[in-house]
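how would this look folded up:
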Amino acid sequence: MDVEHQRMYQYYSEVCKAMSNPQRLAIIDILRQGEVPVGNLAEQLGRSISNTSQHLAVLKSARLVKCRKEGTTCYYSVSTPAIFKAFDCMAQIIFDGMTDRAEHREYLKSQVLV
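Coordinates of the predicted model:
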């Protein structure tokens, strides 16, 4: 494998690692509604601002979210709408493989266009 492919797979791995946490996936899902202040994200997650900020730092490091400051408030949004496509692809994969869990399948069906 050449160096360029190795580098590309490394980038893929970093994005997957950033998305491999339930709290970070919840943040991405919340950001579907658009730009959200960190305090509102923390409230919706039921987490502290400090904990939420730590998760946001991981997402920001992987270039999945961006931050805009207004005064002392940080507003977060996704860096590209393609993130939602990746999120929805994961949901579709789960949905397709979930023949034995009807309650979860119904929830995913309401979230994903199948």
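
hey, let's count contacts and neighbours off CA atoms from now on
Will do.

can you list the residues that contact stretch 41-54?
Outside of stretch 41-54, the residues within contact range by Cα atoms under 8 Å, 6 or more residues apart in numbering are 23, 26, 27, 30, 38, 39.

So what's the gap between it and the chain middle?
14 Å (Cα atoms, centre = their mean, to the nearest Å).

Pretty sure residue 75 sits in a strand.
Yes - checked against DSSP: H, G, I helix; E, B strand; the rest coil, residue 75 lies within a strand.

on that earlier part again, JSON lines please, covering the contacts of stretch 41-54 and showing neighbour count.
Below are those laid out as JSON lines (neighbours: other Cα atoms under 10 Å):
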{"residue": "23", "neighbour count": "16"}
{"residue": "26", "neighbour count": "14"}
{"residue": "27", "neighbour count": "25"}
{"residue": "30", "neighbour count": "17"}
{"residue": "38", "neighbour count": "20"}
{"residue": "39", "neighbour count": "18"}
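
now, which of those lie within strands?
Using DSSP state E, the subset of these located in strands is empty.

And the helices in this protein?
Along the chain, counting by DSSP state H, helices occupy 3-18, 22-30, 38-45, 49-61, 82-96, 102-111.

sorry, back to before: ok, the contacts of stretch 41-54 vs residue 67, which is closest?
residue 38 (9.5 Å; Cα to Cα).
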